[in-house]
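Visitor: Next come a sequence and a model predicted from it.
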Amino acid sequence: MATQRLLVVDDDQDICLLLSRFLEKRGYTVNTAGRKTTALALLRSIAST
């Protein structure tokens with residue numbers, strides 16, 4: 001089974017770090033972004049691969 005990917009978007013770095021650590025321990029691949037423009041760019045780059 002392929003690893004599921006998640007994108008956490010929040011302007012608070014501590015929240016992103018906390019959520020990403022929690023989710024990674026449960027087997028998810030996690031990307032984080034602090035701004036919506038960064039999140040959209042990341043989504044576009046993932047979608048094109």
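Guide: Yep, that arrived.

Visitor: what about the protein, any weak spots by pLDDT?
Guide: With pLDDT under 70 as the threshold, the chain has low-confidence stretches at 1-2.

Visitor: now stretch 13-25, how far from the chain's geometric center?
Guide: On the basis of Cα atoms, centre = their mean, to the nearest Å, stretch 13-25 sits 9 Å off its chain's mean C-alpha point.

Visitor: Same question for stretch 3-17.
Guide: Distance of stretch 3-17 from its chain centroid, counting by Cα atoms, centre = their mean, is 4 Å.

Visitor: Show me the contact partners of it.
Guide: 19-20, 23, 27-36, 39, 42-43, 46 (Cβ atoms under 8 Å, 6 or more residues apart in numbering). In this view, the C-beta of every residue, glycine as well, is placed from N, C-alpha and C.

Visitor: now do 10 Å
Guide: With Cβ atoms under 10 Å, 6 or more residues apart in numbering as the test, stretch 3-17 has contacts from 18-20, 22-24, 26-36, 38-40, 42-43, 46.

Visitor: Please flag which of those residues sit within helices.
Guide: Counted as lying in helices by DSSP state H, out of the contacts of stretch 3-17, are 18-20, 22-24, 36, 38-40, 42-43, 46.
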